[in-house]
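Peer 1: Below: sequence and its predicted model.
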Amino acid sequence: MHERERHRIILSAVQERAVATVAELVELTDSSEATIRRDIAALHLEKRLRRVRGGAEALSPPQQSALVGRPFSVNRSLNTAAKQAIAREAVALCEDGDDIIVNGGTTTFQMVHGLATRRLQVLTNSLPIAEHLAAHSKVTLMLAGGTLYREQNIVLSPFDDGFTSHFSARRLFMGAHSIGRLGLMESDPLVIQGERRFMGQADELVVLADSSKFASRSSLVFCALGNIDVLITDDGIDDASAAMLEGADVRLVVAERRSGRAAASDA
């Protein structure tokens, strides 16, 4: 990652969180600890943040608490080909007239291009998804209520959303921070709360996760593998991860990044 991009991410993180640790910034930028410490020192000298023990803090406090995890703008540029292939397979599951929920995320965002040609009812908590579908499609679009978290570009609320609780969907399309033998993992409790609320409103859970998600970890597990109906990933998935999913009776769809074709196996 270029220095300018790292600096943008670091400044964004400290402004959103007030204080960001070196470890958090290493994860956000996928850089070494030494590189992050040099970046913090440089930005401190430029008086764009304040260097503190173990990290950096904003020069002025943020107006809103932030979610844990990389910003949407950063994640959107990672594993793009895999996400596009996965999204094509997800859209292929939709039929005109379906009611669906599309949870916020950079992989689910790639569905918008295919959804634009369908006649669907779509509920989402993603501002980018909503903006694209509003401008480029004729879907019936519904938005979940709550607070906008700008870094992740999603709307979340700690309270029950009266409208959402009355929406019944055929499928929920959802991403995940990481996947392991215990199930789907996320990095922020508020994100988990919103995802669980959506899960209660859909007949089928479809998870969109590129193969890198099987190598990462988080401490917050919110959904057992057995609760997933379909998981769509790319052809970089390893045999052990595929066997883990099939052993949990998850229907696995593998999207090929080059051709967009897929091989599906039903356990």
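Peer 2: Yes, it's here. Numbering: from 1, shown residues only.

Peer 1: which element is D39 on?
Peer 2: helix 33-45 (DSSP states H and E).

Peer 1: average pLDDT across that helix?
Peer 2: In this model, helix 33-45 has a mean pLDDT of 96.

Peer 1: helices or strands up against it?
Peer 2: helix 3-17, helix 22-29, strand 50-52, strand 55-57 (3 or more Cβ pairs under 8 Å, 6 or more residues apart in numbering; DSSP states H and E). Every C-beta, even on glycine, is put in place using the N, C-alpha and C of the backbone.

Peer 1: which outside residues touch that helix?
Peer 2: 3, 6-7, 10-11, 22-23, 25-26, 29, 31, 49-51, 55-56 (Cβ atoms under 8 Å, 6 or more residues apart in numbering).

Peer 1: who wins for neighbours among those?
Peer 2: When the contacts of helix 33-45 are compared by neighbour count (other Cβ atoms under 10 Å), A56 ends up highest, at 27 neighbours.

Peer 1: what's the distance between that residue and S187?
Peer 2: 20 Å (Cβ to Cβ, to the nearest Å).

Peer 1: again, but for D239
Peer 2: 27 Å.

Peer 1: same check, this time on L25
Peer 2: On the measure of Cβ to Cβ, L25 and S187 end up 14 Å apart.

Peer 1: circling back to that earlier point, who's more crowded, D239 and S187?
Peer 2: S187 (17 against 7).

Peer 1: Any idea which helix or strand in the protein has the lowest mean pLDDT?
Peer 2: The weakest-scoring helix or strand in the chain, judged by mean pLDDT, DSSP states H and E, is strand 262-265 (a mean of 48).

Peer 1: Provide the secondary structure category for I179.
Peer 2: Secondary structure state of I179, per DSSP: H, G, I helix; E, B strand; the rest coil, is strand.

Peer 1: Burial check on it, number of neighbours?
Peer 2: 28.

Peer 1: Help me confirm that it comes into contact with A215.
Peer 2: No: here I179 lies out of contact with A215, judged by Cβ atoms under 8 Å, at a distance of 9.4 Å.

Peer 1: ok, now how distant is R4 from R48?
Peer 2: Relative to R48, R4 is positioned 13 Å away (criterion: Cβ to Cβ).

Peer 1: Who has more neighbours out of these two?
Peer 2: R48 (16 against 8).

Peer 1: give the contact list for the more buried one.
Peer 2: Counted by Cβ under 8 Å, 6+ apart, R48 has contacts 7, 11, 59.

Peer 1: now the residue most central in space within the chain: how far from V26?
Peer 2: Centroid-nearest residue in the chain: G105, 3.2 Å away (criterion: Cα atoms, centre = their mean). Between G105 and V26 the computed distance is 22 Å (Cβ to Cβ).
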